[in-house]
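# Output the structure for:
(chains A and B)
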Amino acid sequence: MTTAGRAGHQPVAGRRADRLLRWYPRAWRTRYGDEFAELLGAEIAEQPRSFRRGVNVAASGVRSRLAQLGLTGHPVDQRAAAKARLSILIWCAAACGVLGAAMWSQLAVGRQWAAPAHPGVGLAFELMTGAMLAFALLGAMLLASASRVVLGAVRRRRASRLWLPVLLIVAGATVIFIGGRHFANAWPGTGGHLLAHQALIPAWLAAFCWASTMWITSYLAHPAALAAFPVGQLGWMAACPAAIGALITGAARLLRGVERSPGTLRFEKWLAGITAAGLLLLIGGALSWLISPGAGVMPAFHVGLIDKAAMLALVLLIGAGWQALRHGNLAGAPAGQ
Amino acid sequence: MTKSAGASGSEGLDTLGRSSGPASLILSSLADGAKHGYALTKDIESFAGVRLAPGTLYEALSRLEAHGLIEALESQDRRRPYQLTTAGATALSSYLQAQRQVAEVGLSRLATSWVLT
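Got it, this is the predicted structure:
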């Protein structure tokens, strides 16, 4: 793409036009960049300063970026938008799963010690356990699908582009498994205690989920208290989200590379159905917990600011995922086609 | 230059969402021949008294192009002209006829009920 400054307008106008163009995504700039820069150059030459023009271009550019992410209609590059849409759905579902696991594991750890005093907390725990089962099923189906993709690519000797995502998945999962096991056992009050076997949920599972999500904590708002944590634990609280991020990034990259055949789309509809069921259970459970009065004798049942923030984040993530689904399917066709 | 616009296969401007207003102005401007972005802005300003901001103009142009109502022409320089397609002419005709009907009804009712100076 050439710059507007070469089109005969004043260099200043060209530079301003180029700066305004940066609001737009690359696919849009590739298609319309030259002619749009020409128009902007002419407009700037005619009226050098215009607040309204700047706001208009910025708003239009942001809308175009959202479209290219698959979050609104009319992207310039439908295939790229479909891939971005898939990434957003994977990230939203995964983030909901992580937040859900953080909330659920808090209740599950508390449930190891005492039954909830309020029935609303009990209902919350049961609903969220259902959600975790749905997410576990989703993870197993994704793992099976990813393994099939990788094995197929290895057989066809076209696995070179899959190494990075596979490496991210394996590295992320290994760090989470080793760190989660270590910190689950090392922390009193989770599953490591002898008395902690009074619920249907295995203590080691509750403790593992708790340890893997201990970085989602209200201590983040209290740096002085956080600084008093052991160095190893602080290191784990930094490494764990990075490992989870690597795992999700690897999964998203792997799934983005899968050719979207009718069979794949049917499979993805199944996945979407399970995800929706899991999210409904999760939201229902979280809501039941948040509106239940009193924590009873068990501090783990207490609803903290971090839980309210997690609920808000869940709603926002589900909204973003729904927005992505509304505007087209994963094969690259916009909604309604 | 006279072209015929078939009635079939047209897509209404109301499917363009927030761009339907600017779209009708752009299609009206292109009805007498191809124009590039700046010429469109100037022409629309002259006949409608509205100056379309650049972002709004290109948002509408990209949607109209995606819906097949306009098409880009080859250009020697960076100012790419656009022209109306047959589907675009049909959609514009339907839209303007509906607008004319609304205008005629409104004007006739005003004439019978109000005395405006």
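# Next up, the contacts around the closest residue to chain A within chain B.
Residue nearest to chain A within chain B: B:Gly55 (2.8 Å; CB to the nearest CB). Backbone N, C-alpha and C define where each C-beta goes, glycine included. Contact analysis of B:Gly55 by CB atoms under 8 Å, 6 or more residues apart in numbering or on different chains lists A:Asn56, A:Val57, A:Ala58, A:Ala59, A:Ser60, A:Gly61.
# quick one, what contacts the closest residue to A:Ala95 other than its chain neighbours?
Nearest non-adjacent residue to A:Ala95, counting by CB to CB, 6 or more residues apart in numbering or on different chains: A:Leu317, 5.3 Å away. With contact set as CB under 8 Å, 6+ apart, A:Leu317 has these partners: A:Cys92, A:Ala95, A:Cys96, A:Leu99.
# rerun that using 7 Å as the cut-off
A:Cys92, A:Ala95, A:Cys96 (CB atoms under 7 Å, 6 or more residues apart in numbering or on different chains).
# for A:Gly100, same thing?
A:Met128, A:Ala131, A:Met132, A:Phe135, A:Leu282.
# what's the answer for A:Ala277, then?
Contacts here follow CB under 7 Å, 6+ apart; on that basis A:Ala277 touches A:Ala134.
# tell me the contacts of the closest residue in space to A:Pro119 that isn't next to it in sequence?
The spatially closest residue to A:Pro119, leaving aside those adjacent along the chain, is A:Ser292, at 8.0 Å (CB to CB, 6+ apart). Shown in contact with A:Ser292 (CB under 7 Å, 6+ apart): A:His118, A:Gly120, A:Val121, A:Ala124.
# and A:Ser292, what pLDDT?
For A:Ser292, the pLDDT comes out at 82.
# My reading is that B:Glu71 lies in a strand. Confirm?
Yes: counting by DSSP: H, G, I helix; E, B strand; the rest coil, B:Glu71 is found in a strand.
# That one: how many residues sit nearby?
Counted with other CB atoms under 10 Å in any protein chain shown, residues neighbouring B:Glu71 total 15.
# what's the pLDDT at the nearest residue to it once chain neighbours are set aside?
Computed as CB to CB, 6+ apart, the closest residue to B:Glu71 that is not its neighbour in sequence is B:Thr85, at 5.4 Å. At B:Thr85, the pLDDT value in this model is 94.
# In helices, which of the contacts of A:Ser292 appear?
Taking DSSP state H, the ones among these that sit in helices are A:Gly120, A:Val121, A:Ala124.
# circling back: could I get the contacts of A:Gly100 as TSV with distance to chain B and secondary structure?
Converted to TSV, the contacts of A:Gly100 look like this (distance: CB to the nearest CB, whole Å; DSSP: H, G, I helix; E, B strand; the rest coil):
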residue	distance to chain B	secondary structure
A:Met128	39	helix
A:Ala131	35	helix
A:Met132	39	helix
A:Phe135	35	helix
A:Leu282	33	helix
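# Please identify which pair of these lies farthest apart.
Distance extremes for these: the farthest pair is A:Met128 and A:Phe135 at 10.2 Å, using CB to CB.
# returning to what we had before: nearest to B:Ala23, of the contacts of B:Gly55?
Distances from B:Ala23 to the contacts of B:Gly55, taken by CB to CB, are shortest for A:Ser60, at 14.4 Å.
# what's the neighbour count on the closest one?
Residues near A:Ser60, counting by other CB under 10 Å: 24.
# Wasn't it part of a strand?
No: read with three-state DSSP, A:Ser60 is helix and lies in no strand.
# Next up, the contacts around it.
B:Gly55, B:Thr56, B:Glu59.
# that older thread, just name the lowest-scoring one in the contacts of A:Leu317, pLDDT-wise.
A:Cys92 (89).
# Done for today, thanks.
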